[in-house]
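Participant: no sequence on this one, just coordinates:
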């Protein structure tokens with residue numbers, strides 16, 4: 001495991017999983033929100049986001065969580081491991097609300113640029129609702145194109161993510177941060 005692609009819809013826990021995975025493996029973590037946004041919630045141009053994503057893809061090792069689906073095919077080609085966090089709408093909405101409460105008062109999440117206090121606006125909620133089916137379908141189509149031998153993990157709940165991390169922590173060599181086993185396809189339960 002050297003290049004890990006983590007995908008999922010808003011509120012699925014991508015950033016948290018990426019940080020935990022980075023601690024276990026020692027691999028550098030890249031958050032898409034740091035590419036998507038500049039300080040003060042200033043959005044980068046699509047071309048700049050694409051350029052920055054491709055620069056990350058070219059690196060030897062990374063854990064890359066998040067979107068910018070224009071670069072997913074390239075990221076999938078470079079990744080040796082793909083993790084799909086696939087949580088239901090109600091759980092994701094609850095997590096987004098909980099995140100807003102946790103970072104109230106102007107605090108900025110660690111996976112966002114400075115001066116980007118947590119916000120919960122109607123447009124973001126509409127986006128989550130509007131893409132609840134289409135985003136899952138797009139991820140399914142993407143994963144159907146994954147070459148044989150690529151490790152693909154479809155995690156359907158927090159319990160599945162926890163078990164995945166626990167298993168990985170057990171399999172990591174004390175000398176090397178790269179796990180000995182992480183090949184194949186897994187589909188784990190909800191919970």
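Facilitator: Perfect, I can see it now. Model, not experiment: these values are computed from the prediction.

Participant: ok, now which ones touch the closest residue in space to residue 132 that isn't next to it in sequence?
Facilitator: Using CB to CB, 6 or more residues apart in numbering and skipping residues adjacent in sequence, the residue nearest residue 132 is residue 89, 5.1 Å away. For every residue, glycine as well, the C-beta is placed using N, CA and C. Residue 89 makes contact with 128-129, 132, according to CB atoms under 8 Å, 6 or more residues apart in numbering.

Participant: now, which of those lie within helices?
Facilitator: Using DSSP state H, the members of the contacts of residue 89 that fall in helices are 128-129.

Participant: contacting residues around residue 142?
Facilitator: Counted by CB under 8 Å, 6+ apart, residue 142 has contacts 7, 72-73, 76.

Participant: please, which helix or strand holds it?
Facilitator: Element membership for residue 142 (DSSP states H and E) is helix 134-144.

Participant: now that helix: mean pLDDT?
Facilitator: The average pLDDT for helix 134-144 rounds to 94.

Participant: quick one: buried residues of it?
Facilitator: 135, 139, 142-143 (16 or more other CB atoms under 10 Å).

Participant: need the max-distance pair from the residues you listed.
Facilitator: 135 and 143 (12.6 Å; CB to CB).

Participant: mind listing the helices for this protein?
Facilitator: Here the chain has its helices, by DSSP H, at 14-25, 32-36, 46-57, 72-78, 89-102, 122-130, 134-144, 158-171.

Participant: as JSON lines, those helices with distance to residue 65 would be great.
Facilitator: Output for the helices of the chain, formatted as JSON lines (distance: least, CB to CB, whole Å):
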{"stretch": "helix 14-25", "distance to residue 65": "4"}
{"stretch": "helix 32-36", "distance to residue 65": "6"}
{"stretch": "helix 46-57", "distance to residue 65": "11"}
{"stretch": "helix 72-78", "distance to residue 65": "11"}
{"stretch": "helix 89-102", "distance to residue 65": "15"}
{"stretch": "helix 122-130", "distance to residue 65": "17"}
{"stretch": "helix 134-144", "distance to residue 65": "13"}
{"stretch": "helix 158-171", "distance to residue 65": "12"}
